[in-house]
Each structure stands twice: as C-alpha cells, then as structure tokens.
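Colleague: Got a sequence here, can you build the structure:
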Amino acid sequence: MPSNATEAQSAILQRQIVPQFMEMLDDESSLSDPAQLEQLAATLLIPLEQPEIPAEVGTAVVRAIEARGDATSAGVLAAFGALAAQPLADQARKGLRRLAGEGVESPSMSAIGTLTVRAAMRIEHVSGDAELLAALLARDNGNEVQTAIFGIEHRETGGALVECLLASQAPADEARKLIDAVDDAAPPEPIEVKQLTERVIAAAERSIEAGFALSGEAGPALPIISRALTGGPHGIPRPELMAPWEHDDPELVVDAAEDEKEFRRLMDLLLDELEQYARANIPPESAVWQHGDFIATTMLQWKGGYDDGRLGRWTGSDLEEYLLDYFPRKVTVDAETLDAVPECVKAFLTFMQARGSLSGEPLEVLEAAIDVLGKEFKTNAEDSSRWGLAKSMFMRMRTEGVDPSQAGAVDAWIDDFNSRPREERDAIIGPASDRMAQAAGIRLPNGSRASNPKAQRRRAQKAARKRNRRG
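Modeller: Prediction:
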C-alpha cells in the first residue's frame, strides 16, 4: 500500500503536470494529420514514462484528454494507444472507445501507427569511423514519406547510437535528396530492413551500456520509428536523453576547449555582473564580497572546461561533482576562503536566478543540496589524498614556508623537490599522480589504462556528432 507521503507527492504532481499537458493540447486544437498527432503524443509521453513519475499521473493525463472530448483528443488517445507502454496504452484505448461511443472520433485514427518501411539504406562516412542508417517510412500507398536517420559512431564509442531523427513528411524524391546530400559520405547502399533493424537495436544497446545520451530530438522519434521497424514502440531500446537545451540561456552555452576566447568573454561578463549584483543586494560584511568572485570563477571554470559548457544550468549532481571532486582536487584556498565556499556558491546561483539564466533545478533545491553537501565538502577539501598533482605540490610548498610571490621561489623549490629521493616525492604526490593519469586516460605503471568515463563520453558525443552531421 502506498504511503501517505507517496500519495501526496502523486497528487501534487498531478496538479502541476495535468494543466501543463492540457495547455499543450489547447495549442494544437485542431490536429488531424496522423504524423502530427503521433509527434505530439510521443512528445507528451516523454515525461510521463520517466521512472520517477507515478503511474497515477499518466492515468490523470489520459482522463483529462478524454474529458476534453473533441476530435484532437481522440487522435491523441489513438496515438497514445499505439506508442505508449502498458498500462497507459490500454487506458488510452479504453478512453478512445468511450469517446467513440459518444460519437467523437478523429479522421486520422485508422492511419495512426501504420508507418512501415518502404526502403532502407546505409551510408558510410569517408573516415570509416561512423555510418548513417536511413529508412523511408510511409503509410499505405501514400506518396509522402518520413525519413528516419540513425547515426552510429565506431571509433570513440564502439558502435553506439549517437543520433536518431525523424523528418517531417515530404515527397519521396525530396527525402532521397536529403539522404544523398550527406557530407563526407560514400553513396547510399540499399540494405535489408531486417539488417537495418538489427544494427539499430545493437547500437542502441551499446549506447545504454556506455551511458551515452541522445539529443532531445530522439525522444519523440524513437517510439514512432520503433513501431515502424519492430511492430512495437519499445522494440528499440531507449538510451537516456540529454536535458533539453532550449531551457538554457542560449547566450551562456560554450565549449571552452573549442572557443576559449568566447568562454573568457562570457566568464568576464558574468563576473562583472555578479560584482554589480553583490554591491546592490548583498551586505558588505558578507563573505561574498571578499571571496565570491574567486569561487564563481572556479564554478565557471568547472562548468566550461570540465563539464557540459552550459554555464547557467546547475543540478544537484553538478554541485556534488564540483564540491566533492573538482574543488578538493583542483582548487587551493586558505581556511577562511574554504569556510566561505557554500555561501558564495549560493550567492552565485541566486545571482544567476535573478539574471534569468539559471536552469536545471530550482534554486531552493540547489540551496538544499549545498547544505547537505557542506560537511562532506570541507572534509574532502582538507583530505590531501584527494588533491591533484598541482595542488599537492603547492600545498607542500606552503607547508615548507615557501612564498610563491617571491621571484624565483617556485622554480627553486621545484628544482629542490625534483632532486629528492623518489620515495619522498611519491609520499607527497604519488596518489595525486595516479588520479592525474586516470583523468587523462594514460597508461599506468601496472600496464592498465585508466579512464574518466564522463570525460570520454563528452569527447565521444562531440566527435561522433561532428562526423554524422548532415549537410
């Protein structure tokens, strides 16, 4: 039996989610095209099929759609019946039958879920490191098709599915032109539908195994394509989806490795605005006035140089990685600054919220996460076994009384350190050296190769999508 807390949570979610779904339906008040109805239904199903959403929420959405009682509602329920998982699919079909009993039907119901493969082909990238698979999907004997495209990357991911797109309806000759226009690719070669399906399923399984996330466009495309290829909406395994980029501030998305100049410009802009915000909103006695600029700089350096480059998007998982791993490993501060970190992190996030640029999770959720992580953060930051190589050496210099601001002091200390017995050097930087090797993915002394899976996935995603980009 569900707990009272679970029931309350489900009720809250229903009150939040159902009106939003109905607003989306109101925006599409007279849909009759089966492709558009399938697209809308598949988009609505993405949040409903997340494991954290109680089944009662999906049931409430289906009931609300049925209660709307028009032809578009009937079409969406028909598409739910074709594309949703159980028990939601059966609930939608029952609602559809009740509407039919009241004389409410969609003119497109008979065509929903009837896409089949008219042609399948493979396109190899000239590098040999990637391939595209394409399928022309059509309903009955219609002249228009929808092109399904799958990008499979081999060198970086070992054959993972990195793209899944479903184009809008178009005449068959235009669809072929789209396929023929792929950049840096060999001419398309026909393949059997069974072969294409098997390769797509294997690539999707590889994506799941490697923890590779597909772009948001794949979310509504996969159940529609899967039904056409396998007969069911879940015949193709579902890799994770990236969080939608459209919720980010588009001006604050940057890849520091590829465009360091733009990254520096954005960081300077945000730090200047943060200073103005602090002067106007934060009392002068706050630690933010003294340490906020430095802490915000480290947050942006982590986001732009080590994470996803989405400078305005922060989640509890982001804060956990920044506070418990990156900061202890990379950032050297004195005790006073260390104590100020949680307050300064909160101040930066509050500033981003006021700026209208904070996305990911609500500010109050992020603040609560900082409170929870605070004690472990300080413990990790003071634990020398978690320090990186540069931080380990710098902290040792300070322990030995070296003043880095004195000319030549650092070089002299490094020369002295390098002349010490290996056992003494290993006692100081050995664990840090191992972590540096792991982060870089270089070969360790025992012959094994360490890796940083998250960093590798980011590199693979970037490289794979470049090779699979269509013209």
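Colleague: Name the spans of the stretch 251-400 of the chain whose pLDDT lies under the cut-off.
Modeller: Applying pLDDT under 70 to the stretch 251-400 of the chain flags residues 388-395.
Colleague: can you give me the helices for it?
Modeller: Under the criterion DSSP state H, counting those that start in this stretch, helices of the stretch 251-400 of the chain are mapped to 260-281, 287-305, 316-321, 327-330, 335-355, 363-382, 389-399.
Colleague: Could you list every helix and strand in contact with the third one?
Modeller: Counting by 3 or more CB pairs under 8 Å, 6 or more residues apart in numbering; DSSP states H and E, the packing neighbours recorded for helix 316-321 are helix 363-382. To be clear about C-beta, it is placed using only N, CA and C from the backbone, and glycine gets the same treatment.
Colleague: Give me the number of neighbouring residues for residue 167.
Modeller: Neighbour count for residue 167, taken as other CB atoms under 10 Å: 18.
Colleague: wouldn't it be in contact with residue 147 here?
Modeller: Yes: counting by CB atoms under 8 Å, residue 147 is a contact partner of residue 167 at 4.2 Å.
Colleague: Find the residues that touch each one of those two.
Modeller: Taking CB atoms under 8 Å, 6 or more residues apart in numbering as the criterion, residue 167 and residue 147 both touch 175, 178.
Colleague: and residue 38, which of the helices of the stretch 251-400 of the chain is closest to it?
Modeller: Evaluated over the helices of the stretch 251-400 of the chain, closeness to residue 38 peaks at helix 316-321, with 32.7 Å, by CB to CB.
Colleague: buried ones in the closest one?
Modeller: For helix 316-321, a neighbour-count test (16 or more other CB atoms under 10 Å) marks 316, 318-321 as buried.
Colleague: Contacts for it, please.
Modeller: With CB under 8 Å, 6+ apart as the test, helix 316-321 has contacts from 302-303, 307, 345, 360-361, 365-366, 369-370, 373.
Colleague: Likewise for stretch 22-33?
Modeller: Residues outside stretch 22-33 that contact it (CB under 8 Å, 6+ apart): 36-37, 40, 43-44, 64-65, 68, 70-73, 75-76, 106-108, 169.
Colleague: Pull out the buried residues from it.
Modeller: Residues of stretch 22-33 classed as buried: 22, 25, 31 (neighbour count, 16+ other CB under 10 Å).
Colleague: from these, which single one is nearest residue 288?
Modeller: The closest of these to residue 288 turns out to be residue 22 (CB to CB; 42.5 Å).
Colleague: which element follows the one helix or strand that closest one maps to toward the C-terminus?
Modeller: Assigning secondary structure by DSSP states H and E places residue 22 in helix 4-27. Of the helices and strands lying after helix 4-27 in sequence (DSSP H and E), the nearest is helix 34-48.
Colleague: related to what we said a few turns ago, narrow the contacts of stretch 22-33 to just the buried residues.
Modeller: Counted by 16+ other CB under 10 Å, the contacts of stretch 22-33 give 36-37, 40, 44, 64-65, 68, 71-73, 75-76, 106, 108, 169 as buried.
Colleague: ok, so of those residues, who is nearest residue 415?
Modeller: Once CB to CB is applied, the member of the buried ones among the contacts of stretch 22-33 that ends up nearest residue 415 is residue 44, at 65.6 Å.
Colleague: Give me the distance between the closest residue in space to the closest one that isn't next to it in sequence and residue 423.
Modeller: Nearest non-adjacent residue to residue 44, counting by CB to CB, 6 or more residues apart in numbering: residue 21, 6.1 Å away. Separation of residue 21 from residue 423 (CB to CB, to the nearest Å): 65 Å.
Colleague: before we move on, the earlier item: so the residue nearest to residue 44 makes contact with residue 64?
Modeller: Yes: using CB under 8 Å, residue 21 is in contact with residue 64, at 6.9 Å.
Colleague: what residues are shared contacts of the two?
Modeller: In contact with both residue 21 and residue 64: no residue, using CB under 8 Å, 6+ apart.
Colleague: quick one on the thing from earlier: more crowded one of residue 21 and residue 423?
Modeller: Taking other CB under 10 Å, residue 21 and residue 423 do not tie; residue 21 has more neighbours (19 against 8).
Colleague: ok, the more buried one - contacts?
Modeller: Shown in contact with residue 21 (CB under 8 Å, 6+ apart): 44, 61, 64-65.
Colleague: let's see it at 7 Å
Modeller: Residues near residue 21 by CB atoms under 7 Å, 6 or more residues apart in numbering: 44, 61, 64.
Colleague: Quick check: pLDDT value at the first one.
Modeller: In other words, residue 44. Looking at residue 44, its pLDDT is 87.
Colleague: Kindly report the same for residue 240.
Modeller: On pLDDT, residue 240 comes in at 85.
Colleague: Surely it is in contact with residue 210?
Modeller: No: between residue 240 and residue 210 no contact is recorded; they are 10.6 Å apart, counting by CB atoms under 7 Å.
Colleague: Phi first, then psi, for residue 164.
Modeller: When read as degrees, to the nearest 10, the backbone of residue 164 gives phi -150, psi 110.
Colleague: That one contacts residue 221, correct?
Modeller: Yes: using CB under 7 Å, residue 164 and residue 221 qualify as a contacting pair, with a distance of 5.3 Å.
Colleague: Residues in contact with stretch 305-314: which ones?
Modeller: With contact meaning CB under 7 Å, 6+ apart, stretch 305-314 is reached by 248-249, 252-256, 266, 300, 303-304, 318, 326, 349, 352, 357-361, 366.
Colleague: Contact partners for residue 423?
Modeller: No contacts exist for residue 423 under CB under 7 Å, 6+ apart.
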